[in-house]
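A.B. asks: whatever this is, show me its structure:
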Amino acid sequence: MIINLEPTKNVGKFAFLHLGFRPFFIGASSFAFLSMLIWMALYVFGWQFDFSPLSSFTWHAHEMIFGYTIAVIAGFLLTAVKNWTGRQTLHGYPLLLLFLLWLLARILPFFGAWNLMAVIDNLFILSLCISIFWPLLKAKHWKSVGLASLVLLLMISNIVFYLGLFGYLSNGTYYGLYSALYLILALIFIMGRRVIPFFIEKGVGYPIELKNWKWVDQSHLIIFLVFAIADMIVPYSYLTAGLAGLLFIIHTVRLVGWYTQGIWKKPLLWILYFAYAFIVLGFALKVSIVIAGTFNYIAVHAFTLGGIGMMTIGMMARVSLGHTGRNVFEPPGSLFWIFVLIFCGSIVRVLFPLIDISLYVYWIALSQIFWILAFGGFLYVYFPMLIYPRIDGHYG
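C.D. replies: Predicted coordinates:
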């Protein structure tokens, strides 16, 4: 796949294929909206659809990771790598081909074509890896190669998932999904350390220097790696709970160092802060599984819906503004309510079951409604921005 083409000077009427964030953010948010509608129909209203050899639960889990989240990652990295290296990343028809690979993989389960989906799905991730690594290596931008390598590891997790699906690896679907989840959290920790304090310092409107402790930066990923391995091998052990408790303390310290009251006036800041806080809450809930017998799915959704969900919609909102020539310090007013919706969905899905587990199905249904409304609102506001050229007339 040719990935380093010089952009045409003709901006044109539409900019859908100018830069990676455009098609993949549209695809991710559209898929988040539609797939949750389908999941609601299946789980809450009891609609029947045969995803054999998968259960509908496993389809939902896989597609939230390898459908929605990886599309956001693709859009973000294809855009960020251009900034980091100064080299044009995938655009035009090669970008369209990459996007269509992702889209085809999302459609194939509804036709029972799992063998073809396995090939297309991993071909997409492999092509994404090449598209990211090529400009990084040409520019000798070594410090970002390790970060991009997480995408390659995600492909390995996806291969493990499909090996389990087809019966070649015992518990392969479990290991594939959970390793992918923890790789995405690792990506958030790495990128979050880079951008969240930077965004806060630049965005609150007054001079502030946030605190970052060296011992936190040096220790948390190693401890997280050990926790991730332990959670997949001995998930409900005191070892796993102890490591989760240690990570809860470490990341709470990080959040305290990043806090300043000015974030509450800036939706693009508090959504990222809350997202990180939900991940920290997830570690506390991992401890509570062993100590208090709470459900693992509650902790998982603190990581996913609360952490990954809010982080990705917040990053899509910010990146889309900045890379369409708009002022990130003056976002659309409706963005506040979009973020409130997904925040409420996270609260309902994660905290309400701890209050009354007998209403579990209702809590899930309500959180699904909040999610659907949030991404419906995001599409309504951002679709025109992502389709039409930059307001400053530049290509990108």
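
A.B. asks: just checking, what's the longest helix in the protein?
C.D. replies: helix 172-203 (DSSP state H).

A.B. asks: mean confidence for it?
C.D. replies: In this model, helix 172-203 has an average pLDDT of 97.

A.B. asks: who's in contact with the helix or strand following it?
C.D. replies: Counting by DSSP states H and E, the next helix or strand C-terminal to helix 172-203 is helix 214-233. Residues outside helix 214-233 that contact it (C-beta atoms under 8 Å, 6 or more residues apart in numbering): 174-175, 178-179, 182, 185-186, 189-190, 193, 237, 239-240, 243-244, 246-247, 250-251, 253-254, 257, 286. Backbone N, C-alpha and C define where each C-beta goes, glycine included.

A.B. asks: element containing the closest residue to Ser170 other than its chain neighbours, please.
C.D. replies: Excluding the flanking residues, the one nearest Ser170 by C-beta to C-beta, 6 or more residues apart in numbering is Gly164, at 7.4 Å. Using DSSP H and E, Gly164 falls within helix 145-165.

A.B. asks: can you mark which positions in that helix are buried?
C.D. replies: For helix 145-165, burial by neighbour count (16 or more other C-beta atoms under 10 Å) applies to 147-148, 150-155, 157-165.

A.B. asks: sorry, back to before: can you select the buried ones from the contacts of helix 214-233 in ChimeraX?
C.D. replies: Here is the ChimeraX command that selects the buried residues among those (16+ other C-beta under 10 Å):
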select :174,175,178,179,182,185,186,189,193,240,243,244,246,247,250,251,253,254,286
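
A.B. asks: how near is Leu98 to Leu181?
C.D. replies: As judged by C-beta to C-beta, to the nearest Å, Leu98 and Leu181 stand 23 Å apart.

A.B. asks: same thing with Pro23?
C.D. replies: Distance, Pro23 to Leu181, using C-beta to C-beta: 25 Å.

A.B. asks: more neighbours: these two, which one.
C.D. replies: Pro23 (26 against 22; other C-beta atoms under 10 Å).

A.B. asks: could you find the closest non-adjacent residue to the more buried one?
C.D. replies: In space, Pro23 is closest to Phe99, 4.3 Å off (C-beta to C-beta, 6+ apart).

A.B. asks: what's the answer for Leu281, then?
C.D. replies: In space, and not counting its chain neighbours, Leu281 is closest to Ala302: 4.9 Å by C-beta to C-beta, 6+ apart.

A.B. asks: with Leu101 instead?
C.D. replies: Phe124 (3.9 Å).

A.B. asks: likewise for Met155?
C.D. replies: Going by C-beta to C-beta, 6+ apart, Met155 has Ile125 as its nearest residue, at 4.0 Å.

A.B. asks: just want the angle from the longest helix of the chain to helix 214-233.
C.D. replies: Helix 172-203 runs at 160 degrees relative to helix 214-233, counting by axes from the mean of the first three to the mean of the last three C-alpha atoms, to 10 degrees.

A.B. asks: now do helix 172-203 against helix 145-165, angle only.
C.D. replies: Going by the same axes, to 10 degrees, helix 172-203 makes 150 degrees with helix 145-165.
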